[in-house]
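[1] kindly generate the corresponding structure for this input.
(one chain, ligands or ions: 1)
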Amino acid sequence: MSDRLLSNKIALVTGGASGIGFAAARLFAEEGAQLILADKDPKKLMQAENWFAEHNYSLLAVECDVCDSSQVASLMAKVQSVHGHLDVLVNNVGDFLGRIKPFVKMTDDDIDDLFSVNLRQLMICTRDAIPLLKQAAQQASIICISSIEGYRGMPNIAPYGAYKLGIEGFVKSIALELGPDNIRVNAIAPETTETDQVQPKKWISEANYPRVKEWIPLGRFGQPDDIAGSALFLASRLSQWITGTVIHCDGGALAAAGWYRTPEGAWTNTPVITESGIVGLIDND
Ligand SMILES: NC(=O)c1ccc[n+]([C@@H]2O[C@H](COP(=O)([O-])OP(=O)(O)OC[C@H]3O[C@@H](n4cnc5c(N)ncnc54)[C@H](O)[C@@H]3O)[C@@H](O)[C@H]2O)c1
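    Down below sits the predicted model:
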């Protein structure tokens, strides 16, 4: 059907075998795209392949560690030989690698490894995909997955936040460079989204789980499909005049910043001292 948003488009999703990447890949396929998934985990890749086969969607699954430049070069060569061009690149890979510790204890390897998986590989993938994106018959789109943690301080994993914010700097500059080639470049910065990597159910008790509504204005954690929806928008003609920017896909968390709802539903910016602060000053009349 030609009225689907990504009919006949060729889309590559890095880390596309699970979580946010897989949700985006699934949605893109439902909107008519032919997918390439590049993922380093062969088991997850096989599960993704099964889903695509069950639904009769076109898929090229490539086992690839995007932190390895030679594997990225082979990936792009494969895309070139199978499809000859690329319409959409989703730079989805990113990971805090479980390196949660005060910055003073971060080793050189911690800093380098977090750089490699959160920013370096994204630049390598983008650079190597540009010749393929330039071959697109119509406008092409690059989408980079950042994080809300780039837009607020995050204790005990400072490099992750720094590199995720770095994505915005990269996106802006490359958007300028690629605008004349009709290639758009944007990012999405999600708030906590339930995936294999981020499992809030493991660190919040069942009793406290519903209290997420005190923290996130839209009242829940993200689901991979929430982020996939923004990715579809940025991949499609619906965003054809948008480049060099970031969508905060976060249920309003960044807008709320230090503001929270009390269990009674009032707003407070002093959540640990709920009897004071602006709560008592609000004129409800
Ligand atoms: N889940 C969240 O709460 C959240 C919030 C903000 C930003 N993000 C970002 O969203 C993106 C996806 O996160 P997710 O939660 O879906 O992660 P996930 O761990 O659930 O899925 C990531 C996928 O990428 C693959 N992968 C990891 N390293 C790779 C590598 N070097 N080469 C190839 N494949 C690799 C994994 O095998 C996996 O299939 C990341 O960039 C992450 O930083 C996630």
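[2] from here on, contacts and neighbour counts on C-alpha atoms
    Fine.
[3] who touches the residue nearest the centre of the chain in this structure?
    By Cα atoms, centre = their mean, the chain has its centre lying nearest to Ile145, at 2.8 Å. By Cα atoms under 8 Å, 6 or more residues apart in numbering, the residues touching Ile145 are 90-94, 187-190.
[4] tell me which of these is nearest to the ligand?
    Gly94 (3.2 Å; Cα to the nearest ligand atom).
[5] relative to the ligand, how far out is the closest residue to that closest one other than its chain neighbours?
    For Gly94, ignoring the flanking residues on the chain, the nearest one in space by Cα to Cα, 6 or more residues apart in numbering is Asn118 at 4.7 Å. Look at Asn118 and the ligand: by Cα to the nearest ligand atom, to the nearest Å, they are 7 Å apart.
[6] wait, Asn118 touches Tyr163, no?
    Yes: the pair Asn118 / Tyr163 is scored as a contact, 6.2 Å apart, by Cα atoms under 8 Å.
[7] hey, which helix is longest across the chain?
    helix 158-178 (DSSP state H).
[8] got the residues of the stretch 101-250 of the chain near the ligand?
    Counting by Cα under 6 Å from any ligand atom, the stretch 101-250 of the chain comes close to the ligand at 117, 145-148, 190-198.
[9] Produce a ChimeraX select command limited to the buried residues of the residues you listed.
    Here is the ChimeraX selection string for the buried members of those, based on 16 or more other Cα atoms under 10 Å:
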select :117,145,146,147,148,190,191,192,193,194
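[10] filter the residues of the stretch 101-250 of the chain next to the ligand down to the ones in strands?
    145, 190 (DSSP state E).
[11] state the pLDDT value of Thr270.
    Looking at Thr270, its pLDDT is 87.
[12] ignore the last one, Ser276
    Listed pLDDT for Ser276 reads 56.
[13] quick check: Leu35 is in a helix.
    No: assignment of Leu35 by DSSP: H, G, I helix; E, B strand; the rest coil gives strand, placing it outside any helix.
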